[in-house]
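Predicted coordinates and the sequence they were generated for:
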Amino acid sequence: MRRFWFVCCLVLLAGLTASAARAQEPARKTYIVRFKPEYQLPEQGSHAEVVKMLQTSVKKNIPVLKKVIKTDDLTPLWIVNGVALEATTTEIGHIKKLPNVLSAKPSRYQIWVPVDNEARPVKAKKGNQWSIVKVKAPEVWSELKIDGAGVVVGHLDTGIDAGHPDLIGKTLAFKDFTPNAKPAPYDDQGHGTHTAGSIAGANGVGVAPAAKLIVAKVFDRKGGAEDTWLLQAMQWVMDPDGIPETNDGPKLVSNSWGSNATTDRTFWDAVQAWVSAGIVPVFAAGNNGPSGKVGTPAGFPHSWAVAATTSSDGIAYFSSVGPSVWDGITLIKPDIAAPGQGVVSCKIGGGYVSNSGTSMACPHVAGLVALMLQANPALTIDEVRSIAESTAIDLGVPGKDTKFGSGRFDALACVKKVLEGATLPAAYKAYDAALTAEKALIGVQATTPLSGPLARSIMQRTAGLDDGELKSLRAALQQTGSPAARALFEEALRLRQAGDLNR
C-alpha cells in the first residue's frame, strides 16, 4: 500500500511540475517580419514582373530566418517583402538581429470599418438612385455605351451577399481571411454588400453595373481585422490564382476602410506594390471630420483618397480633411470627392439600406475608374487620376483643396475626356485579357460573364466606325491582334453589315 501511495505522489508531483513548466513558457503571438529590400520596384511594371520580383526576394530570405527560429509555420507576405509567424519575444529579439531583417512588429487587431450607426432600411425605389444620377453615370451608359463591361474590381470589405438581386453574377472570385473562414461568398455585417452595390450593383444602384468583382472578406462582424489578415488579402487580390504569369488581378481595388493614424506606414509597401503592378488604389478618406485629418492608407501619396459629399454637393460633416505630411512634404488630401451621405445601396438578404460615410463615397469612385478603363484600357494610374480630377466639379475654394480635393467627379465629362484619347486596338487587347482572367478565375464554361459583355461593347463601337477607321483597325489587329481579337473584329463587321448595331 505504501508503494502505491508513493507512486501516486510521484505522478502528482510530475503533473504539477509539467503544469508549472507550461505556465512559465513564454507567450507566443503573431509578428510581421520584414526583410531589407534588394530590389527596386518599377514605377508601373507588368503584373508578372512585380509579383515575381517580390516573391523571389521572400524565398531568398526565409532560409536565413529559419536559422534562428525552427518552424515551417510561416505565411509569406511577399507584398511587403516579409512573412507572418508565431514567436516569443525572445525569438523575435534574435530575429531582429539578423542582417537581412528590416523590422519585426506584432500583428495588431483594430476596427477598420466603422459601425453603421446611420444605416437605415429604405423601401425599394425604382430607377436610378440619387447618387448615381448625381455623378451622371446613366448618361455614360446610354450616350457613350460604357458601363464597366470587361473590368474587374478588387473589393476588400466585410464580404458580399452574392445572392442579392442586384449583385447576382457579379463575383468572379471570393476568399475569406477571417479566422473562421468560409468558402462561399457571404457578409455578416452589411458594409461590404452596400459598398459592392455602389460599385457594380444593377438596377440603378452601382456606377459601373457591368463590372465584375474579386471579393476579399477581411473584416469580421465588428468591422475589425488583424494586420496580417489585411496584408494577406491585399496580396491575394493582387494575384488571385497564385500564378504570376496569368494576369488575373484587378485593375483597381476599392478600399472602404482605414485608420485614424496619419503617419502609420504598415500598408505603405503593399499599396506601392499595387501601384507598381498597375492597380489603382482607391481609399476612403476617413470619417474624422470636420477637423480630423485623413487617415492611412488613404493619406499615402500613392493612394487615391475619396471625400464624401451630400446630395446638394456640400462636404459631408464627417468627411476627413487634409493636408497629409510625409517625409517633410505636404500633400493636399483628399484627392477627389463623391456622394457619401445618405447613399442607398444593397442590403443583406435583399432590399436596400441608406448609409453614410466616406466608405460610401469610395466605391462610387471605384465605379468611375471601371468606366474609364473600359473606355480606354491603356490608361495609366496617373492618367486615371489626372483625367478624373481635371473633369471634376470644383467645390469649395477654387482649385484642389483639403476638403473636396479636386471636386466631386462628373462621370460623363470624365469618360468623354477618356474617349478622346482612346483607341479600339487597346479595347481588343483588353478583350484578350478578359478571356485570360476569366479562364484563371472561373475556368472554362458556357457563360462568359467578363468577356461576353465586353465583346458586345467592342463590337458596337467597331460597327460605328467609318470605312477608313475600319481599315486602320483591321491593319492594327492583323499586326498585333490575337486570333480571338481578329475573330471578334470579323464578327463586328458582320454585325455592321447586317445593320444590327444594338445586338
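Looks like it arrived, so ask away. Residues are numbered from 1 along each chain as shown.

Now the terminal residues of stretch 330-343, how far apart.
Length of stretch 330-343, first residue to last, Cα to Cα, to the nearest Å: 32 Å.

So which bits of that stretch are buried?
In terms of neighbour count (16 or more other Cβ atoms under 10 Å), stretch 330-343 has its buried residues at 331, 333-343. Where you see a C-beta, it was placed from the backbone N, CA and C, and this is true even at glycine.

What of stretch 410-428?
Using 16+ other Cβ under 10 Å as the test for burial, stretch 410-428 gives 410-418, 422, 424-428.

Check stretch 158-171 too.
158-162, 164, 166-167, 170-171.

again, but for stretch 56-66
Those would be 57-58, 61-62, 65, for stretch 56-66 by 16+ other Cβ under 10 Å.

same deal with stretch 442-457?
442, 449-451, 453-457.

want to throw the buried residues of stretch 158-171 into JSON lines with pLDDT, distance to Gln40 and secondary structure?
Listed next are the buried residues of stretch 158-171 as JSON lines, based on pLDDT from 0 to 100; distance: Cβ to Cβ, whole Å; DSSP: H, G, I helix; E, B strand; the rest coil:
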{"residue": "Thr158", "pLDDT": "97", "distance to Gln40": "36", "secondary structure": "coil"}
{"residue": "Gly159", "pLDDT": "98", "distance to Gln40": "36", "secondary structure": "strand"}
{"residue": "Ile160", "pLDDT": "98", "distance to Gln40": "36", "secondary structure": "coil"}
{"residue": "Asp161", "pLDDT": "98", "distance to Gln40": "42", "secondary structure": "coil"}
{"residue": "Ala162", "pLDDT": "97", "distance to Gln40": "40", "secondary structure": "coil"}
{"residue": "His164", "pLDDT": "97", "distance to Gln40": "44", "secondary structure": "coil"}
{"residue": "Asp166", "pLDDT": "97", "distance to Gln40": "44", "secondary structure": "coil"}
{"residue": "Leu167", "pLDDT": "98", "distance to Gln40": "40", "secondary structure": "coil"}
{"residue": "Lys170", "pLDDT": "96", "distance to Gln40": "37", "secondary structure": "coil"}
{"residue": "Thr171", "pLDDT": "96", "distance to Gln40": "36", "secondary structure": "strand"}
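
Going by distance to Ile243, which of those residues wins?
Distances from Ile243 to these, taken as Cβ to Cβ, are shortest for Thr171 (20.2 Å).

these two touch, right, the closest one and Ile160?
Yes: Thr171 lies in contact with Ile160 (Cβ atoms under 8 Å); the separation is 6.1 Å.

Need the residues touching each of these two.
Residues touching both Thr171 and Ile160 comprise 185, 213, 215, with contact defined as Cβ atoms under 8 Å, 6 or more residues apart in numbering.

quick one: which of those residues is most hemmed in?
If you count neighbours using other Cβ atoms under 10 Å, the busiest of the shared contacts of Thr171 and Ile160 is Val215, which has 28 neighbours.

Touching the helix or strand harbouring it from outside, list them.
Assigned by DSSP states H and E, Val215 falls within strand 212-217. For strand 212-217, the surrounding residues in contact (Cβ under 8 Å, 6+ apart) are 151-160, 170-178, 185-187, 192, 196, 199-200, 233, 236-237, 240, 249-250, 441, 449-450.

Just checking, which helix or strand succeeds that strand along the chain?
Counting by DSSP H and E, the next helix or strand C-terminal to strand 212-217 is strand 224-226.

neighbouring strands for the strand holding Val215, and are they parallel or not?
Using DSSP bridges, strand 212-217 pairs in its sheet with strand 152-157 (parallel), strand 171-176 (parallel).

Going by distance to Ala378, which of the buried residues of stretch 410-428 wins?
Ala426 (4.1 Å).

wouldn't the closest one be in contact with Ala375 here?
No: shown here, Ala426 and Ala375 do not form a contact pair, counting by Cβ under 8 Å, at 9.7 Å.

Quick check: closest non-adjacent residue to Tyr39.
Nearest non-adjacent residue to Tyr39, counting by Cβ to Cβ, 6 or more residues apart in numbering: Met53, 5.3 Å away.

Spell out the secondary structure type for the one you found.
Following DSSP: H, G, I helix; E, B strand; the rest coil, we place Met53 in the helix state.

now the helices for the stretch 201-350 of the chain?
Counting by DSSP state H, counting those that start in this stretch, the stretch 201-350 of the chain has helices at residues 227-238, 268-276.

Buried residues, the helix or strand hosting Lys471. List them.
Using DSSP H and E, the element containing Lys471 is helix 467-480. By neighbour count on 16+ other Cβ under 10 Å, the buried set for helix 467-480 is 470, 473-474, 476-477.

For that helix, name the packing helices and strands.
Packing partners of helix 467-480 (3 or more Cβ pairs under 8 Å, 6 or more residues apart in numbering; DSSP states H and E): helix 424-442, helix 483-498.

Can I get those in CSV including mean pLDDT and distance to Tyr317?
Below are the helices and strands packed on helix 467-480 laid out as CSV (pLDDT from 0 to 100; distance: least, Cβ to Cβ, whole Å):
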stretch, mean pLDDT, distance to Tyr317
helix 424-442, 84, 40
helix 483-498, 85, 49
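
next one: the strand holding Val215 to chain centre, how far?
The chain centroid and the centroid of strand 212-217 are separated by 8 Å under Cα atoms, centre = their mean, to the nearest Å.

Specify the angle between that strand and helix 424-442 in degrees.
40 degrees (axes from the mean of the first three to the mean of the last three Cα atoms, to 10 degrees).

for the record, mean pLDDT for strand 212-217?
Strand 212-217 shows a mean pLDDT of 97 in the predicted model.

Kindly report the same for stretch 36-48.
For stretch 36-48, the mean per-residue pLDDT is 89.

which residues are contacting it?
49-50, 53-54, 57, 60, 81, 100-102, 238-239, 244-245, 247, 249, 272-273, 275-278, 380-381.

same thing but at 10 Å, please
Stretch 36-48 is contacted by residues 49-54, 56-57, 60-61, 80-81, 98-103, 238-239, 243-249, 251, 269, 272-273, 275-279, 380-382, 433 when judged by Cβ atoms under 10 Å, 6 or more residues apart in numbering.

hmm, which of the residues you listed are the buried ones?
Buried, going by 16+ other Cβ under 10 Å: 50-51, 53-54, 57, 61, 80-81, 98, 101, 238-239, 244, 246-249, 251, 269, 272-273, 275-279, 381, 433, out of those.

export the buried residues of stretch 330-343 to CSV and tack on pLDDT?
Output for the buried residues of stretch 330-343, formatted as CSV (pLDDT from 0 to 100):
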residue, pLDDT
Leu331, 96
Lys333, 97
Pro334, 98
Asp335, 98
Ile336, 98
Ala337, 98
Ala338, 98
Pro339, 98
Gly340, 97
Gln341, 96
Gly342, 95
Val343, 96
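
quick one: low-confidence ranges for this protein?
1-26, 115-118, 124-125, 444-447, 500-503 (pLDDT under 70).

Would you map the strands across the stretch 1-150 of the chain?
Using DSSP state E, counting those that start in this stretch, the strands of the stretch 1-150 of the chain run over residues 29-35, 74-77, 82-87, 101-106, 109-111, 120-122.

Tabulate those (a markdown table), appending distance to Gly258.
A markdown table is the format used below for the strands of the stretch 1-150 of the chain (distance: least, Cβ to Cβ, whole Å):
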| stretch | distance to Gly258 |
| --- | --- |
| strand 29-35 | 19 |
| strand 74-77 | 20 |
| strand 82-87 | 21 |
| strand 101-106 | 19 |
| strand 109-111 | 11 |
| strand 120-122 | 23 |
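
Quick check: which of those is nearest to Asp401?
Proximity to Asp401 (Cβ to Cβ) singles out strand 109-111 among those, at 29.0 Å.
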